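K.L.:
Attaching a predicted model along with its sequence, questions to come.
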Amino acid sequence: MFEFYPEVNLSREELLKQIATAVKPSRFQHMLGVEKAAIALAKKYGVDPHKASLAGLLHDYCKEVDDETFLALIDKYDLDTDLKNWDNNIWHGKVGIYKMMEDFGLKDPEILRAIEIHTVGDRVMSPLAKVLYVADYIEEGRVFPGVIEARAVAKQDLNQAVAFETMRLVNYLAEQRLTIYPQTLEAYNTFIGYLR
């Protein structure tokens, strides 16, 4: 593992301590699992494993932040007001990055973008963003129908893994009769061709 993260000017020990105070133990274990999966995918697909490690560790840092904080950040940073129509599932990435900038001084645009879209995807995703998106879905602690197939796809092709995950996400949300974030539909339309 990496001992120091210059992007946030913290040692691994300091970073983990700060993360652990922000989330419940089960989520902290998930974040460690995503880090592990992200590093493995990064090494396989030629992505910087150090950036993948930090993105994995931080991706859910804001998952337990209260709604009022997110709404205040949307106003403070003059973000798209449509974000107020969504919830923590969208906010912890798309708005949470602003809290991470404040709390950690994180400025790396590639890491911030990967964290921003790790739950919604996008039609344009950097290799690091794809790695984090997939790692969050397949980390070893995940147990749900299709996860074994998702892990197998991730070992074969990163774009196919993004497509598979997005397809499953859209199907799940539709079956639950839940609203689908427009950016997720754009990701679906862009990547689904990789599964044909």
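P.N.:
Nice, thanks for sending it over.

K.L.:
For the rest of this, base every contact and every neighbour count on C-alpha atoms.
P.N.:
Fine.

K.L.:
what's the lengthiest helix in the chain packed up against?
P.N.:
Counting residues, the longest helix found in the chain (DSSP state H) is helix 25-45. With contacts taken as 3 or more C-alpha pairs under 8 Å, 6 or more residues apart in numbering; DSSP states H and E, helix 25-45 sits against helix 49-58, helix 127-138.

K.L.:
next structured bit after the longest one?
P.N.:
Heading C-terminal from helix 127-138, the first helix or strand you meet, by DSSP states H and E, is helix 147-156.

K.L.:
other SSEs contacting that next one?
P.N.:
helix 127-138, helix 158-175.

K.L.:
about what we covered before: may I see the buried residues of the longest helix of the chain?
P.N.:
Neighbour-count burial for helix 25-45 flags 27-28, 30-42, 44-45 (criterion: 16 or more other C-alpha atoms under 10 Å).

K.L.:
and what of stretch 82-100?
P.N.:
Asn88, Ile90, Trp91, His92, Gly93, Lys94, Val95, Gly96, Ile97, Tyr98, Lys99, Met100.

K.L.:
Thr179: which of those residues is nearest?
P.N.:
For these, the closest approach to Thr179 (C-alpha to C-alpha) belongs to Ile90, at 11.5 Å.

K.L.:
ok so, going back, can you list the helices and strands packed on helix 25-45 in a markdown table and add distance to Pro109, mean neighbour count and mean pLDDT?
P.N.:
A markdown table is the format used below for the helices and strands packed on helix 25-45 (distance: least, C-alpha to C-alpha, whole Å; neighbours: other C-alpha atoms under 10 Å; pLDDT from 0 to 100):
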| stretch | distance to Pro109 | mean neighbour count | mean pLDDT |
| --- | --- | --- | --- |
| helix 49-58 | 11 | 24 | 98 |
| helix 127-138 | 11 | 26 | 98 |
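
K.L.:
Of all these, which one comes closest to Gln176?
P.N.:
Short answer: helix 127-138, nearest of these by C-alpha to C-alpha, at 18.6 Å.

K.L.:
Now the most centrally placed residue in the chain: phi and psi?
P.N.:
In the chain, the C-alpha nearest the mean C-alpha coordinate belongs to His118, at 2.7 Å (C-alpha atoms, centre = their mean). Backbone torsions of His118, given as degrees, to the nearest 10, read phi -70, psi -20.

K.L.:
Now for it: which residues touch it?
P.N.:
His59, Gly93, Ala129, Leu132, Tyr133, Asp136 (C-alpha atoms under 8 Å, 6 or more residues apart in numbering).

K.L.:
Could you dump those into a markdown table with distance to Leu158 added?
P.N.:
Shown next, in a markdown table, are those (distance: C-alpha to C-alpha, whole Å):
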| residue | distance to Leu158 |
| --- | --- |
| His59 | 19 |
| Gly93 | 21 |
| Ala129 | 11 |
| Leu132 | 11 |
| Tyr133 | 10 |
| Asp136 | 13 |
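
K.L.:
Cheers, nothing more for now.
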